[in-house]
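**Student:** pasting the structure only:
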């Protein structure tokens, strides 16, 4: 987990509502990532950001949005357009020019 | 063994045995590989990594072997303990045109269960 925090640990949402997941890091890392994990599956990349005020779509960006206004923060919004949002969401970060990503503890989102 | 795109394999061992977890990677241009351990309900933890200019790297009780010829990666855990029970993921960096974009592609994981 290191210096990466995610909140809340558990989150419940009603269908049709947007919800924002928090990711903060105090490691001074440049790049940050959001992944989605479903039971029995690996991690799939939603969005990533290599520098403040810039971000790129990953493999499954539809129904999600992000912002990167500060180096230490990379919040993820799960919108009502995401058809199947129930999953475990993981945030990661790494310094510029390196490949080793370090993960936060995750947020489990359940849509009721 | 584990491979991107297949269902989750499992490995069951007795405490004190050595464990070997396998991973087949997809991109021959990948030059960096990493193993993560994920306990239930937690984020993945870094275990060990290896660059493509090496074929073996050792850590504390863990060894990673890389065979670039057949695009195969393995994680060996010596004297496996109940605390080693977890899901283990391999990951490769994404390289295109000779450039690593800092992104990783993850395998789907292997469940390791260690019996006392």
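**Tutor:** Arrived safely, thanks for sending. Computed from a predicted structure; not experimentally measured.

**Student:** count of neighbours near the closest residue to residue A:103 other than its chain neighbours?
**Tutor:** Among residues not flanking residue A:103 along the chain, residue B:43 sits closest, at 3.7 Å (C-beta to C-beta, 6 or more residues apart in numbering or on different chains). (C-beta placed from N, C-alpha, C; glycine too.) Using other C-beta atoms under 10 Å in any protein chain shown, residue B:43 is surrounded by 23 other residues.

**Student:** would you confirm that residue B:24 contacts residue B:66?
**Tutor:** No: at 11.8 Å, residue B:24 does not count as touching residue B:66 under the criterion of C-beta atoms under 8 Å.

**Student:** the two: who's more crowded?
**Tutor:** A count of neighbours by other C-beta under 10 Å puts residue B:66 above the other of residue B:24 and residue B:66, at 20 against 17.

**Student:** write out the residues of chain B neighbouring chain A.
**Tutor:** Contact residues, chain B versus chain A (C-beta under 8 Å from any C-beta of the partner chain): B:4, B:7-8, B:32, B:34, B:36, B:41-46, B:49, B:89, B:93, B:100, B:102-104, B:106-109.

**Student:** which of these are buried?
**Tutor:** By neighbour count, with 16 or more other C-beta atoms under 10 Å in any protein chain shown, the residues of chain B next to chain A hold B:4, B:32, B:34, B:36, B:42-44, B:49, B:89, B:93, B:100, B:102-104, B:106-109 as buried.

**Student:** re earlier: quick one: secondary structure of the residue nearest to residue A:103?
**Tutor:** Secondary structure assignment for residue B:43 (DSSP: H, G, I helix; E, B strand; the rest coil): coil.

**Student:** from chain B, how far off is the spatially most central residue of chain A?
**Tutor:** Computing the C-alpha centroid of chain A and ranking residues by C-alpha atoms, centre = their mean puts residue A:34 first, at 3.0 Å. Noted for residue A:34: a distance of 12 Å to chain B, by C-beta to the nearest C-beta, to the nearest Å.

**Student:** what's the pLDDT at the nearest residue to that residue once chain neighbours are set aside?
**Tutor:** Using C-beta to C-beta, 6+ apart and skipping the chain neighbours, the partner closest in space to residue A:34 is residue A:46 (4.3 Å). Residue A:46 carries a pLDDT value of 97.
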